[in-house]
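J.: whatever this is, show me its structure:
(2 chains)
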Amino acid sequence: MTDSERKGAVLPAAKEPGDAVLDFLRLVMEKKLADAVILPLKVPSGDSYAWILMNDISLLDDAVPIAATMPVHGAKALRSLTRKGPGNLTVIAVMRPCEIRAAMELEKLGQVHPDNLILATYDCPGAVQLQKYVDDPAGSEKLFTEMMQKGKPDDSAKPVCHYCENFSMFDSDIHFGHLGLSDKEMFVIPGSSKGSKFLEELGLTPAVDLSAWEEGIDKLKTDRKKARKSAFEETGVQLRGIDGLLSVFANCIGCHNCQSACPICYCRLCYFDSETAEQNPDALIIAAEKRGGISLPEDRILFHTGRMAHMSLSCVSCGQCSDACPVSIPVAGVFSYIADQTQRTFEYIAGRNDGDPLPLRQFRKSELPGVHELVKDADAEVSSHE
Amino acid sequence: MKKEFTPRITSFLCKWCSYTGADLAGTARLQYPTSIIPIQVMCSSRVDPVFLIKAFLNGSDGVLIGGCHPGDCHYETGNYHARRRFAIVKSVFDSLGLESKRLKLSWISASEGPKFARVANEYTEEIMKLGENPTRKSIFL
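T.: Predicted structure coming up:
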């Protein structure tokens, strides 16, 4: 479906964008088009949200489809639901675009099976940093409401949200568009054939022209692009060389929170937590003798650079790693910057659901000139074997 | 007297081609520098990005991967995958402003003893020009 052909349906007016989504979900449940819904619900203490898989329609009254912050990444919820297979029941989930993008990457890794999932996204203004939200839930909610109205992140939002270009429709089945629309109305837009069919069964025919909404989104995207460029330039300068790397990760305490909060890092046993990474004392003492000394626990920088090489191709820049860092290292900014470049190497965009496998799962016989020497000879070699 | 700088080049060589090529260079009595520290791997695609980074951070002045020529892989496609993995590490190094010249991927077949000696000589010279790896001195890694 090209952008110009894209049409949407209008949802009945509601007080807040979140309420319009809830009305939509009530309709879905009443018409029995889905067996369950996955939505964030405020935890009893009131200072965080949890993903709840609910099939009791009355629980929808307390749900907050567009939550101010992201404590647990949505892709992790989808993974725990469908890791072993798609299941027989239809489940609809409303999440941030970066959560759906991460779920798409997990699908390519065989960790999420979205066959019977209806994945819905909304125009995300950004998410409040988790620590800020926990410190002041009521104040953060207020700030988030303002962010929703303006469509722009403020200082309380995660730094990566300020230059996220994929904050709107991005390969989800259904998208709720509200940015740039004056009154409390909301568009519901099908993003896949599955989504079109679902809306059709629901009796919502997408017939409305979306140009006003699309213009608003494009304008925001242009601003974000600029912000992205300048943020990356800054990160690039900070990271220059081994000394730059050491200074950015200087106060890393080696807790590996960034890794466990990352929706993409899915390995059951990470190399860095494995026995292989443990060294015998003599080897460490020899290493220390050669340099005069080494820091313990060892491999602090290797952990971060190794992770960059292992998962930056699938990084969707959701910012969970920065939220999880207890010593405020701008992990997400660094990974976003690295991911931008590694993904460009393979002309790959993480989170796309276009049937392309992960770059490491495929190859072309003739590619990546300059990576190894004698490219021409190698090509000649290939053709002689074909 | 100042000690002359001898580079250390950690070399991951695939069992079927490059390692055998290195063997051939030896049995043919071809000269190549002692800077090459060979590690036999079953396939160039066995070399995880972390191997390269670890070798680099632990003070190797150069890291070499030797694999079969494209199309010749004992496991049919291993070296194509190795090339992609290598490209990621190179891209990460370039983004971080680390010297990606210290990483090298080369295709050396089992019959190419002279080529192995040549690559070893040329790469050692290249690394000599770059000088010692700055990570050799760093204690906060």
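J.: just the CA atoms of the helix or strand hosting residue A:149, as PDB, please.
T.: Using DSSP states H and E, residue A:149 sits in helix A:137-150. Provided in PDB are the C-alpha atoms of helix A:137-150 (Å, rounded to 0.1, in the frame of the first residue of the first chain):
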ATOM      1  CA  PRO A 137       4.100  10.100  38.700                       C
ATOM      2  CA  ALA A 138       1.500  12.800  38.900                       C
ATOM      3  CA  GLY A 139       3.700  15.600  37.500                       C
ATOM      4  CA  SER A 140       5.000  13.300  34.700                       C
ATOM      5  CA  GLU A 141       1.400  12.400  33.700                       C
ATOM      6  CA  LYS A 142       0.700  16.100  33.300                       C
ATOM      7  CA  LEU A 143       3.900  16.700  31.300                       C
ATOM      8  CA  PHE A 144       2.900  13.700  29.100                       C
ATOM      9  CA  THR A 145      -0.500  15.100  28.400                       C
ATOM     10  CA  GLU A 146       1.100  18.300  27.200                       C
ATOM     11  CA  MET A 147       3.500  16.200  25.100                       C
ATOM     12  CA  MET A 148       0.500  14.400  23.600                       C
ATOM     13  CA  GLN A 149      -1.200  17.700  22.700                       C
ATOM     14  CA  LYS A 150       1.900  19.200  21.100                       C
END
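J.: which outside residues touch that helix?
T.: A:16-17, A:46-48, A:66, A:68-69, A:125-126, A:128, A:132-133, A:153-154, A:156-157 (CB atoms under 8 Å, 6 or more residues apart in numbering or on different chains). To be clear about C-beta, it is placed using only N, CA and C from the backbone, and glycine gets the same treatment.
J.: what subset of those residues is buried?
T.: Burial by neighbour count, judged by 16 or more other CB atoms under 10 Å in any protein chain shown, picks out A:16-17, A:47-48, A:66, A:68-69, A:125-126, A:128, A:132-133, A:153, A:156-157 from these.
J.: for those residues, work out which two are farthest apart.
T.: A:17 and A:47 (22.7 Å; CB to CB).
J.: isn't there a helix covering residue A:230?
T.: Yes. Assigned with DSSP: H, G, I helix; E, B strand; the rest coil, residue A:230 falls within a helix.
J.: give the contact list for it.
T.: Contacts of residue A:230 (CB under 8 Å, 6+ apart): none.
J.: ok, 10 Å please
T.: Applying CB atoms under 10 Å, 6 or more residues apart in numbering or on different chains to residue A:230 gives the contacts residue A:163.
J.: now do it, the pLDDT please.
T.: What the model reports for residue A:230 is a pLDDT of 94.
J.: do you know how far it is from residue A:241?
T.: Noted for residue A:230: a distance of 21 Å to residue A:241, by CB to CB, to the nearest Å.
J.: please apply the same query to residue B:122.
T.: Per CB to CB, residue B:122 is found 25 Å from residue A:241.
J.: equivalent analysis for residue A:190, please.
T.: Residue A:190 is 48 Å from residue A:241, by CB to CB.
J.: tell me the centre residue of the chain?
T.: The chain I'm using is chain A. With distances taken as CA atoms, centre = their mean, residue A:98 lies nearest the centre of chain A, 2.8 Å away.
J.: oops, I was thinking of chain B
T.: Central residue of chain B (CA atoms, centre = their mean): residue B:64, at 0.6 Å.
J.: so that residue sits against residue B:14, correct?
T.: No. Look at residue B:64 against residue B:14 with CB atoms under 10 Å: they stay out of range, at 11.5 Å.
J.: which phi and psi does residue A:52 have?
T.: phi -120, psi 130 (degrees, to the nearest 10).
J.: what's it in contact with, if anything?
T.: So residue A:52 contacts A:36-41, A:43, A:59, A:62-63, A:77 (CB under 10 Å, 6+ apart).
J.: that older thread, buried ones in the helix or strand encompassing the residue nearest to the centre of chain A?
T.: Assessed by DSSP H and E, residue A:98 sits inside helix A:97-108. Applying a neighbour-count criterion of 16+ other CB under 10 Å, one finds A:97-108 buried in helix A:97-108.
J.: show me the shaky parts of chain B.
T.: B:1-2 (pLDDT under 70).
J.: tell me where it has strands.
T.: Using DSSP state E, the strands of chain B run over B:9-14, B:36-41, B:62-67, B:103-107.
J.: and the closest residue in space to residue A:172 that isn't next to it in sequence, bridged to which residues?
T.: Nearest residue to residue A:172, sequence neighbours excluded (CB to CB, 6 or more residues apart in numbering or on different chains): residue A:121, at 4.1 Å. Residue A:121 forms beta bridges with residue A:95, residue A:175, as assigned by DSSP bridges.
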